[in-house]
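J.: Model the following, please.
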Amino acid sequence: MVYPCAHGVLSTGNEALRAHEATLRDGTLLVGAGKLFLLIDMRDAHLTDDGFEQAPRGYRRDDRGMARIHCQL
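T.: This is a model prediction of the structure:
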C-alpha cells in the first residue's frame, strides 16, 4: 500500500506519483520514505477506501522532482 502525496509530470515527460510506502501493523499505520513511481511501470494498481488524516512525516509540497504537478497534498 502507498500513501499518495503528489501526481505530476517529470522533466522527461513521464507521468509520476510521489508516494510513501505504508504498512498497517497491529492497527498502526507505519509510513516509510517517499518514492517516485512512474505510472507507466505500475501494474495491478487499485484504489481502496483507506484514508489518511494528514501528510506523512517528511513530505514537502511542490516536489522539485516534477516539472508540472497536477495535484498534491
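J.: If you tally nearby residues, what's the number for Y3?
T.: 19 (other C-beta atoms under 10 Å). Heads up, the C-betas are built off the backbone N, CA and C, glycines and all.
J.: Could you look up the SS state of it?
T.: Secondary structure assignment for Y3 (DSSP: H, G, I helix; E, B strand; the rest coil): strand.
J.: partners of it in the sheet?
T.: Beta-bridge partners of Y3, counted by DSSP bridges, are H20.
J.: State whether it and T23 are indeed in contact, as I suppose.
T.: No. Using C-beta atoms under 8 Å, Y3 makes no contact with T23, being 10.2 Å away.
J.: Run a quick neighbour tally on I69.
T.: 16.
J.: Number of residues surrounding F52?
T.: The burial count for F52: 14, using other C-beta under 10 Å.
J.: separation between it and D26?
T.: 18 Å (C-beta to C-beta, to the nearest Å).
J.: for G34, same thing?
T.: 23 Å.
J.: between these two, who's got more neighbours?
T.: Set side by side, G34 and D26 show more neighbours around G34, with 20 against 5, by other C-beta under 10 Å.
J.: beta partners of that one?
T.: H20.
J.: cool, and E15?
T.: Bridge pairing for E15 (DSSP bridges) gives the partners V9.
J.: correct me, but it touches L38?
T.: Yes. Using C-beta under 8 Å, E15 is in contact with L38, at 7.3 Å.
J.: Looking at these two, which has the bigger crowd around it?
T.: Using other C-beta under 10 Å as the criterion, E15 and L38 rank with E15 on top: 16 against 12.
J.: now that one: how far from D49?
T.: 24 Å.
J.: Just want the most central residue of this protein.
T.: Geometric centre of the chain, nearest residue: A19, 1.8 Å, by C-alpha atoms, centre = their mean.
J.: just checking, it touches P4?
T.: Yes. Assessed by C-beta under 8 Å, A19 is found in contact with P4 at 4.7 Å.
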